[in-house]
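> Here is my input, please return the structure:
(one chain, ligands or ions: 1)
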Amino acid sequence: APQERPFDRVLLKLSGEVFGGGRLGVDPNVVASIAKQLADVVRSGVQVAVVVGGGNFFRGAELQQGGMDRVRADYMGMLGTVMNCLALQDFLEKEHVDTRVQTAITMGQIAEPYIPRRAIRHLEKGRVVIFGAGSGMPYFSTDTVAAQRALEVGAEVLLKATSVDGVYDADPKKVPEATKFERITFGECLRRRLRVADATAFSLCMEHRLPIIVFNLLEDGNIARVVRGERIGTLVST
Ligand code: UDP
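I've put the predicted structure just below:
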């Protein structure tokens, strides 16, 4: 099972919620603590790529409900992710970790364009590659981008860091007796209608047999635990 040995190359999806500590904007303390955790992982020799969400700034669907044009709102959402990328880059460099930000919308003054083969070279050199601006395409989510980038750069697993500690048979915030799965198959998630990621991201992972580990980021040291292959969170696989 992929969980019982350390991984060599992982893709970590960080939602925007994490960056904002639940509020609008960036909470430097939270980003600093994530950067510390990531620095430990990188120093242990694991190659780390990160896809950053932007829900702490804007979500296209929400702005659309407020009356905005969806496409323009989605571009605002993508731009929000870039601010999170820069914050993460800053705190990682304070930890003396080399980083590169690559964005799907070109903005040469602050980031490289997304060039997959160059991203892989960075990873091989031990640099953390932070992917921003989503896919550059409206109507997509950063979860879907995380699955796509993981496949394209050859990550062994998609690590989905959240504020709950795995996949449950019911929403643990609403149902106190909900139980957590240690492992579950993609098919079982579908049968039970469990939402591990959005449908596009989920189907990419399922079709290409890319395992997902859902785990709680807010517990210190959890990124290192997951990467070492410890059984925390929930492993979703074929
Ligand atoms: N977005 C987009 N295309 C993408 C990725 C993101 O249009 O490929 C927009 C979309 O509006 C989304 C917002 O960027 O709501 C922020 O991304 P997401 O909601 O995935 O962030 P998260 O929920 O992870 O914080």
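
> Next, give phi and psi for residue 214.
Per-residue torsions, residue 214: phi -100, psi 130 (degrees, to the nearest 10).

> what about residue 99, neighbour count?
Look at residue 99: counted by other C-beta atoms under 10 Å, it has 22 neighbours. C-beta here means a position set from N, CA and C on the backbone, and glycine is covered the same way.

> right, I mislabeled it, should have said residue 220
With other C-beta under 10 Å as criterion, residue 220 counts 10.

> now the helices for this protein?
Secondary structure of the chain by DSSP state H: the helices cover 16-20, 28-43, 60-65, 70-94, 116-124, 142-153, 186-191, 199-207, 222-228.

> Buried deepest among the ones you listed, which one?
Among the helices of the chain, helix 142-153 has the highest mean neighbour count (mean count of other C-beta atoms under 10 Å), at a mean of 24.

> Leaving out the residues flanking it, which one is nearest to residue 233?
Nearest residue to residue 233 in three dimensions, chain neighbours excluded: residue 215, at 2.9 Å (C-beta to C-beta, 6 or more residues apart in numbering).

> And the pLDDT for the one you found?
pLDDT, residue 215: 96.

> try residue 3
Model confidence at residue 3, given as pLDDT, is 48.

> Could you export the helices of the chain as JSON lines, including distance to the ligand and mean pLDDT?
JSON lines is the format used below for the helices of the chain (distance: least, C-beta to the nearest ligand atom, whole Å; pLDDT from 0 to 100):
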{"stretch": "helix 16-20", "distance to the ligand": "3", "mean pLDDT": "91"}
{"stretch": "helix 28-43", "distance to the ligand": "13", "mean pLDDT": "95"}
{"stretch": "helix 60-65", "distance to the ligand": "3", "mean pLDDT": "97"}
{"stretch": "helix 70-94", "distance to the ligand": "2", "mean pLDDT": "98"}
{"stretch": "helix 116-124", "distance to the ligand": "16", "mean pLDDT": "98"}
{"stretch": "helix 142-153", "distance to the ligand": "3", "mean pLDDT": "98"}
{"stretch": "helix 186-191", "distance to the ligand": "19", "mean pLDDT": "97"}
{"stretch": "helix 199-207", "distance to the ligand": "9", "mean pLDDT": "97"}
{"stretch": "helix 222-228", "distance to the ligand": "17", "mean pLDDT": "95"}
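
> contacting residues for residue 46?
Residues near residue 46 by C-beta atoms under 8 Å, 6 or more residues apart in numbering: 6, 7, 8, 9, 10, 227.

> correction: residue 40
Contacts of residue 40 by C-beta under 8 Å, 6+ apart are 221, 223, 224.
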